[in-house]
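# here are the coordinates; sequence isn't available:
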């Protein structure tokens with residue numbers, strides 16, 4: 001996996017794309033989950049909402065907050081590559097979550 005071969009780049013992308021979300025606690029984790037779902041489901045917001053059991057506007061809000069908190073636009077194809085890399089690096093640094101997964105809801109600030 002390229003993430004393992006390039007740890008400095010992985011750290012840079014984590015710092016830019018995901019670590020700013022950590023300051024939001026549980027809500028940051030929900031934002032990250034929505035970003036991951038957005039990429040995994042070919043950027044189809046309705047599919048992300050359906051799989052997360054939330055309203056489509058909730059997903060839109062979380063994706064907008066992602067852009068605001070990280071200064072990263074989800075539009076360019078390069079960003080999708082960087083986000084996938086950062087998410088793969090996150091999986092390597094974080095122990096797996098329990099079977100219940102993350103809790104829905106959280107701070108909306």
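It's in. Remember, predicted model here, so these are calculated numbers, not experimental data.

# From now on I want contacts and neighbour counts done on CA atoms only, so please keep to that.
Noted.

# what about residue 91, distance to residue 29?
13 Å (Cα to Cα, to the nearest Å).

# Do a quick rundown of the helices in the chain.
2-5, 7-13, 19-22, 26-40, 45-52, 56-70, 77-93 (DSSP state H).

# For the longest one, name the packing helices and strands.
With contacts taken as 3 or more Cα pairs under 8 Å, 6 or more residues apart in numbering; DSSP states H and E, helix 77-93 sits against helix 2-5, helix 7-13, helix 26-40.

# That helix vs helix 26-40, what angle?
120 degrees (axes from the mean of the first three to the mean of the last three Cα atoms, to 10 degrees).

# returning to that earlier point: comparing the helices and strands packed on helix 77-93 by mean pLDDT, which bottoms out?
Looking at these, the lowest mean pLDDT belongs to helix 2-5 (a mean of 65).
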